[in-house]
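Fold the following and give me the result.
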Amino acid sequence: MLPFIGTDIVFIPKLKKIIDNNPAFISKIYTKKELMIAKTIKNPYHFYATRFAAKEAIIKALNGLFDFPEIEILKGNDGRPLASIINHPEYIINISLSFDNEYAIAYCIAKKNNDDKSLF
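Below you'll find the model as predicted:
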């Protein structure tokens, strides 16, 4: 089975405006662990934007099967982003995140876990 792919790009100033005008927005999109990490960052908008793009890419790759709060993007010991679907370990997700001053982008490759590990 071929893996599913998804990508997304976020205009950071637009996301910043949404968050600033509607603080409840972040609790609808990000998990408690993600919000705890964001609180430790001086300017969290790049963090929010890369995670938003990643969640959108995952949602696209998995054809809308899951929603934002079910997807969690943390950081591994080696610094790479780790994506998971809460309570659904059967999905293997690899993501790449990047940002500059105005844009954040994410790319996702996902598949449902099975015996064929050759695709990753």
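
In contact with the spatially most central residue of the chain, which residues?
For the chain, Ala54 is the residue whose C-alpha lies nearest the centre (Cα atoms, centre = their mean; 2.9 Å). Contact partners of Ala54, counting by Cβ atoms under 8 Å, 6 or more residues apart in numbering, are Asp8, Ile71, Ile73, Pro81, Ala83, Ile95, Leu97, Ala106, Cys108. No exception for glycine: its C-beta is placed from N, CA and C like everyone else's.

Can you get me a residue count around the third one?
Think Ile73. Other residues lying near Ile73 total 25 when counted by other Cβ atoms under 10 Å.

where's it, which helix or strand?
Mapping Ile73 onto the secondary structure by DSSP states H and E places it in strand 71-75.

That strand packs against which elements?
Contact here means 3 or more Cβ pairs under 8 Å, 6 or more residues apart in numbering; DSSP states H and E; on that basis strand 71-75 packs against helix 32-39, helix 45-61, strand 81-85.
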